[in-house]
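Enquirer: Dropping a prediction and its sequence here:
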Amino acid sequence: MLSLLFLVLGFLLCLGLFGLRDRTLAFAAQRPADYSGKGPALDPRRDLSGPLLCEGVIYGPTGRVTSRFVADMVGRWEGNAGILTERFRYDSGAVDNREWRFQLGNDGTLHAEADDLVGSGVGKAEGSALCLRYRLRLQDDAGGHVLDVIDWMYRLENGTIINRSQFRKFGIKVAELVATLRRIET
């Protein structure tokens, strides 16, 4: 009986240590203030405006690529209100569309809505980075699960944006996305 108790306590300790690592040292522990004063500044009104080409991969829970995609995006802003339309083409042949509706605060806070979000997304642009957190409902053919998503975007010197996102269910990472967004010159 005592060995079972130690086994359970050891398991709980490991879970606690993994949770502590994720909350203090890992990707999810980043804060917008970590990028304050670092350039080049990411301004959604400039950097998510006009026609954009997005290319990326999605990793499954084992870290292997499960999907590749190319997306055509178009952003339009009037003052601090923006709309970003996205058309994803996956290597499976599937096509997915999304329309983001953004409201940017003067302090860089970002409020986001889309039809497949549960509630609203919240985030902040600060320095060279933008963070957005939201709950995403997958399509029915993908199980209809609701995932917690953390999006981080980082602006490079040439205007390219690197996007890294993690998708979690019950706190467990189930997928990760890495993509680039580049402005298409017209």
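Expert: Thanks, I have the structure now.
Enquirer: so Ala125 makes contact with Asp43?
Expert: Yes: between Ala125 and Asp43 there is a contact at 6.9 Å, judged by Cβ atoms under 8 Å. Backbone N, C-alpha and C define where each C-beta goes, glycine included.
Enquirer: biggest strand in this structure by residues?
Expert: Using DSSP state E, we find that the single longest strand of the chain is strand 65-78.
Enquirer: Go through that strand and flag the buried ones.
Expert: 67, 69, 71, 73-75, 77 (16 or more other Cβ atoms under 10 Å).
Enquirer: Between the two ends of stretch 36-52, how far is it?
Expert: Using Cα to Cα, to the nearest Å, one end of stretch 36-52 lies 25 Å from the other.
Enquirer: so what pLDDT did Leu20 get?
Expert: Predicted confidence (pLDDT) for Leu20: 66.
Enquirer: Over to stretch 57-76 now: how far is its first residue from its last?
Expert: Rule used - Cα to Cα; the end-to-end distance of stretch 57-76 is 25 Å.
Enquirer: Run the chain-centre distance for that stretch.
Expert: 11 Å (Cα atoms, centre = their mean, to the nearest Å).
Enquirer: next one: stretch 74-94
Expert: Offset of stretch 74-94 from its chain centre (Cα atoms, centre = their mean): 14 Å.
Enquirer: Tell me who's in contact with the residue nearest the centre of the chain.
Expert: The centre of the chain sits closest to Asp151, judged by Cα atoms, centre = their mean, with a distance of 1.9 Å. When contacts are counted by Cβ atoms under 8 Å, 6 or more residues apart in numbering, Asp151 touches 123, 130-134, 163-165.
Enquirer: what do you get for Val174?
Expert: In this structure, Val174 makes contact with 60-61, 147, 167-168, judged by Cβ under 8 Å, 6+ apart.
Enquirer: Ok, Val65 next?
Expert: For Val65, the contact set (Cβ under 8 Å, 6+ apart) comprises 57-59.
Enquirer: Among these, which one lies nearest to Asn158?
Expert: Asn158 lies nearest to Val57 out of the contacts of Val65, by Cβ to Cβ, at 20.9 Å.
Enquirer: Sheet-wise, list the partners of the helix or strand hosting the closest one with their directions.
Expert: Assessed by DSSP states H and E, Val57 sits inside strand 50-59. Strand 50-59 has its sheet partners listed here by DSSP bridges as strand 65-78 (antiparallel), strand 172-183 (antiparallel).
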